[in-house]
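Peer 1: fold the following for me, if possible:
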Amino acid sequence: MNKTLAIIIASVIAVSLTTVTIASYNQSKSLQQEVVEYKSTIGKLEEDNTVKDEQIEDLRIEVSELKSRIEEYENTIARLEKQVKSQASDIRAYKSKIAKRNKAIDELKREITRLSRSRKDNSAKIAELEAQKQNLLGRIKKYDGKLGSALVKKEEVTDEIRLAKIEKMRQERIADIVTNTNIAFVGVEARERKDSKDMRKIKPKKWRYTNLQFHLQHKEGPRAIMDEEFAVIIRDLDTGKVLPFNEGNPVSPGDKIETGFPITYNGNMFMVDYFNSELKESKNYAVEIYYVLGGKHYAMPGGTKKIISKGKVVKI
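Peer 2: This next block holds a predicted model:
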């Protein structure tokens, strides 16, 4: 009986130990899997942060240049306004001199008329007064020329100020949109055709369409960027080259636009189908959003998002 009980107890202990061992193994395996997943997540975040750090540095330089240009226009406007004040002072001086000489000429005219009515022979005096009058008229003509030049110059400088203020406002507008517009990416899908199944891993010969979904959000609200123009670009991170957006029929693509897919903000979420028919052999790609004004592209904060990492589509 004792022997049988001992066997039963030993069996229970063995089963328990086996159960504990299996549970510990499964737990260890689960922890290992979590570690792998964490490492993978950290790797992706590090890659994304590297892209963002590069984009932030580009943006910092861009904003610094914008601020520098705004300061230059402020200095230009201040200098030109100083010129206008000086010209206005010259114009007042010329007008004052012309007015004084006109007054003197009127007095000479009245005196000549008075002498001409006299019974005496005042021809010598009249001739002297006429000479003075001609001299004053010559001076008026000279000041008229200076006044005319000063008025033209003042008008030109005033126009320069107007244009400089417009350009300053333009640069301030660019700086406002670039620094105060956030980009919220919603999703990215890689496909062979618009209506084909999404790819989890890109196929160099088949990846042609990239569907991108994102919001633009200005801190002052939608009206702050309403009807403003932007552009979407996909860049090969391994080579640094842009994947040009192909216009026209996908079967027979037209122009290759390296300035990207043009979009205009209207308050809605953007859903962009970016078509590119080139063979894509690299493993890493990113989407870049730019503000566009006058044909020039300006980097956006958070406007760069890695969409393909090591050949796989990044989940957003």
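Peer 1: give me the low-pLDDT residue ranges for this protein?
Peer 2: 1-59, 247-257 (pLDDT under 70).
Peer 1: which residues in it form helices?
Peer 2: Using DSSP state H, the helices of the chain run over 2-117, 123-180.
Peer 1: ok, the longest strand belonging to the chain: who's next to it in the sheet?
Peer 2: Counting residues, the longest strand found in the chain (DSSP state E) is strand 296-309. Partners of strand 296-309 in the sheet, by DSSP bridges, are strand 285-293 (antiparallel), strand 312-313 (antiparallel).
Peer 1: ok and the first one relative to helix 123-180, angle-wise?
Peer 2: Going back to what we said before, that points to strand 285-293. Per axes from the mean of the first three to the mean of the last three CA atoms, to 10 degrees, the angle that strand 285-293 makes with helix 123-180 is 160 degrees.
Peer 1: please, where are all the strands along the stretch 201-316 of the chain?
Peer 2: 209-218, 229-236, 242-243, 245-249, 252-257, 261-264, 270-275, 285-293, 296-309, 312-313 (DSSP state E, counting those that start in this stretch).
Peer 1: circling back: closest to Leu147 out of the strands paired with strand 296-309?
Peer 2: strand 285-293 (41.2 Å; CB to CB). Glycine gets a C-beta too; all of them are placed from N, C-alpha and C.
Peer 1: picking that back up, could you look over the strands of the stretch 201-316 of the chain and pick the most buried one?
Peer 2: Neighbour counts (mean count of other CB atoms under 10 Å) averaged over each of the strands of the stretch 201-316 of the chain peak at strand 285-293, with a mean of 22.
Peer 1: what angle separates that strand from strand 270-275?
Peer 2: Using the same axes, to 10 degrees: strand 285-293 against strand 270-275 is 120 degrees.
Peer 1: could you check the angle strand 209-218 makes with strand 285-293?
Peer 2: Strand 285-293 runs at 50 degrees relative to strand 209-218, counting by the same axes, to 10 degrees.
Peer 1: how long is stretch 169-188 end to end?
Peer 2: By CA to CA, to the nearest Å, the extent of stretch 169-188 from end to end equals 36 Å.
Peer 1: and the strands of the stretch 201-316 of the chain as JSON lines, adding distance to Lys168?
Peer 2: Shown next, in JSON lines, are those (distance: least, CB to CB, whole Å):
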{"stretch": "strand 209-218", "distance to Lys168": "21"}
{"stretch": "strand 229-236", "distance to Lys168": "21"}
{"stretch": "strand 242-243", "distance to Lys168": "31"}
{"stretch": "strand 245-249", "distance to Lys168": "33"}
{"stretch": "strand 252-257", "distance to Lys168": "31"}
{"stretch": "strand 261-264", "distance to Lys168": "25"}
{"stretch": "strand 270-275", "distance to Lys168": "30"}
{"stretch": "strand 285-293", "distance to Lys168": "14"}
{"stretch": "strand 296-309", "distance to Lys168": "16"}
{"stretch": "strand 312-313", "distance to Lys168": "44"}
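Peer 1: for Leu163, which of those strands is the nearest?
Peer 2: That would be strand 285-293 among these, by CB to CB, at 16.4 Å.
Peer 1: just want the angle from the closest one to strand 229-236.
Peer 2: Interaxial angle of strand 285-293 relative to strand 229-236 (the same axes, to 10 degrees): 150 degrees.
Peer 1: got the CA positions of strand 285-293 in PDB?
Peer 2: Taking C-alpha atoms only, strand 285-293 is exported to PDB below (Å, rounded to 0.1, in the frame of the first residue of the first chain):
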ATOM      1  CA  TYR A 285      10.500  54.700 -49.600                       C
ATOM      2  CA  ALA A 286       8.900  57.800 -48.000                       C
ATOM      3  CA  VAL A 287       6.100  60.100 -48.900                       C
ATOM      4  CA  GLU A 288       6.800  63.900 -48.700                       C
ATOM      5  CA  ILE A 289       4.200  66.700 -48.500                       C
ATOM      6  CA  TYR A 290       5.100  70.200 -49.600                       C
ATOM      7  CA  TYR A 291       3.400  73.600 -49.700                       C
ATOM      8  CA  VAL A 292       3.600  75.000 -53.200                       C
ATOM      9  CA  LEU A 293       3.600  78.700 -54.000                       C
END
